[in-house]
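**Q** after the sequence you'll find the predicted model.
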Amino acid sequence: MSEGKFYEGPYKVLPEVDRLEQKRVPSKGDIIAHRSGAIILRCPKCNAIQFTHAVIVNSPETPTLDRPVHCGSGHCQKCAIWFTIRNGLAYQVDEPKKEPKTSTPTDLLKAGVKKAPPKPEV
C-alpha cells in the first residue's frame with residue numbers, strides 16, 4: 001500500500017487472536033484485540049502498524065472504535081493522521097480537542113492549598 005492511498009476497509013477483529021505472537025503482522029483491515037485491552041491494526045493511509053488502547057463495539061465483523069487513533073502516536077509519526085473505524089470502515093478525522101488541564105493558582109499554593117489526590121480506579 002503506498003502512502004497517500006487511503007484504505008477504507010473492510011476492517012475486522014481477528015477471531016481467537018489476542019496476542020501478537022499468534023499473528024506476527026496484521027494484514028490490511030485486520031484488528032488484533034490484545035488481551036491487555038490494546039488494539040493492534042494498520043494505519044489506513046501509510047500502512048504502519050499502530051498500537052493503541054480503544055474499546056471495540058459492534059460485532060467483530062463490523063467493528064467500531066470508541067475513540068480516534070493517531071498514526072504513530074508519538075513514535076514514528078509516519079503520516080500523523082487521525083483516523084477511526086466505524087462499522088468496519090476507516091475514516092480520517094480531525095484531531096480530538098484536548099480537555100484543558102486545571103491547575104491550582106500560585107496564590108492558593110502559597111496559602112497552603114494542596115492538589116487533590118488522584119481518583120482511585122474502580
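**A** Sure, I can see it.
**Q** CA atoms for contacts and neighbours, from now on please.
**A** OK.
**Q** show me where this protein has its strands.
**A** Using DSSP state E, the strands of the chain run over residues 12-13, 30-33, 38-42, 49-53, 56-57, 64-65, 69-70, 82-86, 89-93.
**Q** neighbours of residue 63, how many?
**A** 21 (other CA atoms under 10 Å).
**Q** how about the helices in this protein?
**A** Counting by DSSP state H, the chain has helices at residues 106-110.
**Q** right, so of the strands of the chain, which gets closest to residue 118?
**A** Residue 118 sits nearest to strand 49-53 of all the strands of the chain, at 21.1 Å, using CA to CA.
**Q** packing partners for the closest one?
**A** strand 38-42 (3 or more CA pairs under 8 Å, 6 or more residues apart in numbering; DSSP states H and E).
**Q** strands paired with the strand it packs on, and their directions?
**A** Strand 38-42 pairs in its sheet with strand 30-33 (antiparallel), strand 49-53 (antiparallel), by DSSP bridges.
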